[in-house]
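K.L.:
The amino acid sequence is not available; the structure is as follows:
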DNA sequence: CTGAGCCAAAAAGTCAGACTTATATGTCAC
DNA sequence: GTGACATATAAGTCTGACTTTTTGGCTCAG
């Protein structure tokens, strides 16, 4: 899913990024480029490039005569897929998962409404196919196959909404759904009611019934929220 | 608002970033680091750092033996405040403004609902103060003062929601509101109905009436959408 | 004691050049 | 046509020297 090992600086980021987002270096901590370069056994130029990337994510701030200081969490670019992945891999995964699920609950219903208005025939077909795929793997512990179709379903909804900001959240939703399946309720079959809702959303979109698509999607996302409340109150 | 001139690589980005987001280099275009370095009169190391930042925004992709290729718009990190600013400064500003306003219309009502539930007394006070400030400058062409309070109002709503993803959209909303005031309807006084709605939202939040806060905020954002439809249909 | 101003150290920033590595593409034998 | 191989190309890496900004302390006058 990610792009591991795209150069030395990338490998440095793979350990430094998670460390910072995990709060291993508290806000205000000062790092020195030279020390980091030594620690990671890379040249200063490579280290500088890594720091630049962290800086563009607002994870750190580089100032002369001071060093590279870690910025407070409130400044971070929490929408950067890379940052999201780092945080989901870390300790505050549950907290992060909740934030993202709340975000979903705000975005997806509106997106579904727009999709019902704008979706092409091809997109409707794809959506229906995804919903059917979910039905086909909704029993018998075929969670991986179910997940694939679930992710695809939500990606289509977001992409077909015609809003680029929504479309870009496809990756985020994918992370959330994957995280939920892999770390929370791996054993149980998906909620049959949720499956039905997905089928009905596909229906509503086909029929161009925007309010219904929105309402049904809202039911899906509030369901996801309640599920979180049960698991981590 | 931005951080201009934070090093040579920053100055390079200030011209290269807007150029790319403006579509000056169409997707698939190939740039060479050496050529760019020569063109901008900087060393290769500086140019490389700039490319790394563009790469972390998914604006470009750097591959050996090929060069630095511009990625399609669908890949861009459109939530990166820097990218948003670049795009708002460019040609597709209207399109971008619409995307962001739709995003607002999805997020803010939900955020307002959460804020009604979680806001502290201090936050309620701040919100009320912002609303009063809007009222105080709602007539007599005091648009700048009005804008300041309007932006502050929405920032408080988003920040007090307790969701970090929502809170981080404060900057985006600020850009949208500022853009609207400065480029669209600079001459007219704000809609009195909108002013009233803001006061009522503050009320609802104080009273902890989440559904009402959500509904009223939805009225505000749909109003903003309709305003866009009138101006740029 | 206080404050203005100056100095020196520290760390990032910049540059130039040599070298390494991956890879797209063309070539040639089969 | 197909597969193996050679080659050119552009990014990637490293090193060392130099510059610039900024801070913290020091001196000295008041």
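P.N.:
Good, I have the coordinates. Here the structure is a predicted model, which means the values were calculated and not measured. Residues are numbered from 1 along each chain as shown, chains lettered A, B, ... in the order given.

K.L.:
Check which residues of the longest helix anywhere in chain A are buried.
P.N.:
Longest helix of chain A, by residue count under DSSP state H: helix A:93-118. Buried residues in helix A:93-118, counted by 16 or more other C-beta atoms under 10 Å in any protein chain shown: A:96-116. Glycine gets a C-beta too; all of them are placed from N, C-alpha and C.

K.L.:
Starting from that helix, tell me the next helix or strand along the chain.
P.N.:
helix A:121-136 (DSSP states H and E).

K.L.:
tell me which parts of chain A are close to chain B?
P.N.:
When proximity is defined by C-beta under 8 Å from any C-beta of the partner chain, chain A lies next to chain B at A:9, A:45, A:48-49, A:52-53, A:55-57, A:73-74, A:77-82, A:99-100, A:102-103, A:105-107, A:109-111, A:114, A:163-168.

K.L.:
These also near DNA strand D: which ones?
P.N.:
Contacts with DNA strand D within the residues of chain A next to chain B, counted by C-beta under 7 Å from any atom of the strand: A:9, A:45, A:49.

K.L.:
From those residues, list just the buried residues.
P.N.:
By neighbour count, with 16+ other C-beta under 10 Å, those hold A:9, A:49 as buried.

K.L.:
As a markdown table, the ones next to DNA strand D among the residues of chain A next to chain B with distance to DNA strand C, pLDDT and secondary structure would be great.
P.N.:
As requested, these are exported to a markdown table (distance: C-beta to the nearest atom of the strand, whole Å; pLDDT from 0 to 100; DSSP: H, G, I helix; E, B strand; the rest coil):
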| residue | distance to DNA strand C | pLDDT | secondary structure |
| --- | --- | --- | --- |
| A:9 | 14 | 98 | helix |
| A:45 | 6 | 98 | helix |
| A:49 | 10 | 98 | helix |
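
K.L.:
between the lowest-mean-pLDDT helix or strand in chain A and helix A:93-118, how big is the angle?
P.N.:
Least confident helix or strand, chain A: helix A:170-183 with a mean of 89, by mean pLDDT, DSSP states H and E. Between helix A:170-183 and helix A:93-118, the angle comes out at 130 degrees (axes from the mean of the first three to the mean of the last three C-alpha atoms, to 10 degrees).

K.L.:
Could I get the full set of helices for chain A?
P.N.:
For chain A, applying DSSP H gives helices covering A:8-21, A:33-40, A:44-56, A:81-89, A:93-118, A:121-136, A:143-160, A:164-167, A:170-183, A:192-206, A:210-231.

K.L.:
Check which helices and strands the fifth one is in contact with.
P.N.:
Other helices and strands packing on helix A:93-118, by 3 or more C-beta pairs under 8 Å, 6 or more residues apart in numbering or on different chains; DSSP states H and E, are helix A:81-89, helix A:143-160, helix A:164-167, helix A:170-183, helix A:192-206, helix A:210-231, helix B:93-118, helix B:164-167.

K.L.:
do the fourth one as well
P.N.:
Under the contact criterion of 3+ C-beta pairs under 8 Å, 6+ apart, helix A:81-89 touches helix A:8-21, helix A:93-118, helix A:170-183.
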